[in-house]
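Novice: Predicted structure and sequence below. I'll ask about it afterward.
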Amino acid sequence: MSRNPLPERADSPIFRVYHEQVDLRTQKRIQFIDLTELVAERVVRSGITHGTVQVQTRHTTTAIVVNENEPLLLQDLQELMELWAPSDVDYRHDDLNVRKMPFTVDERVNGDAHARAILLGSSKSLNVVNGKIDLGRWQKIFLVELDGAQKRYTSIVVMGVTREDDSRAESSAEVEHVRLRGVS
């Protein structure tokens, strides 16, 4: 038995994918940069009402974490990172005399930063509900710098549904639409 597809309704949701790269400059060897407002702004720009937002660092010596923005806690976390991956240990990655992979002349001694980044993770996926990131009361989104002051890139992708008449998405960002058939 053949089924006819559901008719397309004018008020049916639109599936949208929004992407933006954010360029930042870090200032310290280890630094927690609160991205919460920046990511929330991108969710609003996307026009997406229900879906997910993915925040990803584009570096192997930074991380993305969700935690509380309380100065003593952040200090504790920095001290824990020194215990997890001490900076005064000889990492094979930093021995350029034996390393076979290509490296640049200004290569940093940063084996500890790579080890810390792998423990913390490079991305977070969060729910978007009613056009807002669904964070808990104290939760904040951080880019964690682990390798000193430099330019960094973070990729933000918001995916989900919105109504056709919602025109908040900026035309300068990469946005794709797909009409969902039969969804109300």
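Specialist: Ah, there it is.
Novice: and the longest helix for this structure?
Specialist: Looking across the chain with DSSP state H, the single longest helix is helix 71-84.
Novice: which strands and helices sit next to that helix?
Specialist: Applying 3 or more Cβ pairs under 8 Å, 6 or more residues apart in numbering; DSSP states H and E, one finds that helix 71-84 contacts helix 111-120. To be clear about C-beta, it is placed using only N, CA and C from the backbone, and glycine gets the same treatment.
Novice: List the buried residues for the helix it packs on?
Specialist: By neighbour count on 16 or more other Cβ atoms under 10 Å, the buried set for helix 111-120 is Gly111, Asp112, Ala113, His114, Ala115, Arg116, Ala117, Leu120.
Novice: Could you do stretch 30-50 as well?
Specialist: Neighbour count says stretch 30-50 has 30-33, 35-36, 38-40, 42-43, 45-49 buried, by 16+ other Cβ under 10 Å.
Novice: now stretch 49-68
Specialist: Buried positions in stretch 49-68, judged by neighbour count with 16+ other Cβ under 10 Å: 49, 51-57, 59, 61-64, 66.
Novice: now do stretch 81-88
Specialist: In stretch 81-88, counting by 16+ other Cβ under 10 Å, buried: Met81, Ala85, Ser87.
Novice: and Val128, how many neighbours?
Specialist: 21 (other Cβ atoms under 10 Å).
Novice: so when I look at it, I'm seeing a strand, right?
Specialist: Yes. Assigned with DSSP: H, G, I helix; E, B strand; the rest coil, Val128 falls within a strand.
Novice: and the gap between it and Arg58?
Specialist: 22 Å (Cβ to Cβ, to the nearest Å).
Novice: Equivalent analysis for Ala149, please.
Specialist: Note on Ala149: its distance to Arg58, by Cβ to Cβ, is 17 Å.
Novice: same check, this time on Val161
Specialist: Applying Cβ to Cβ, the value for Val161 to Arg58 is 27 Å.
Novice: got the buried residues of stretch 49-68 as CSV, with pLDDT, distance to Ile14 and secondary structure columns?
Specialist: Converted to CSV, the buried residues of stretch 49-68 look like this (pLDDT from 0 to 100; distance: Cβ to Cβ, whole Å; DSSP: H, G, I helix; E, B strand; the rest coil):
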residue, pLDDT, distance to Ile14, secondary structure
Thr49, 96, 10, coil
Gly51, 98, 11, strand
Thr52, 98, 16, strand
Val53, 98, 17, strand
Gln54, 98, 19, strand
Val55, 98, 23, strand
Gln56, 98, 24, strand
Thr57, 98, 29, strand
His59, 98, 33, coil
Thr61, 98, 38, coil
Thr62, 98, 33, strand
Ala63, 98, 33, strand
Ile64, 98, 28, strand
Val66, 98, 28, strand
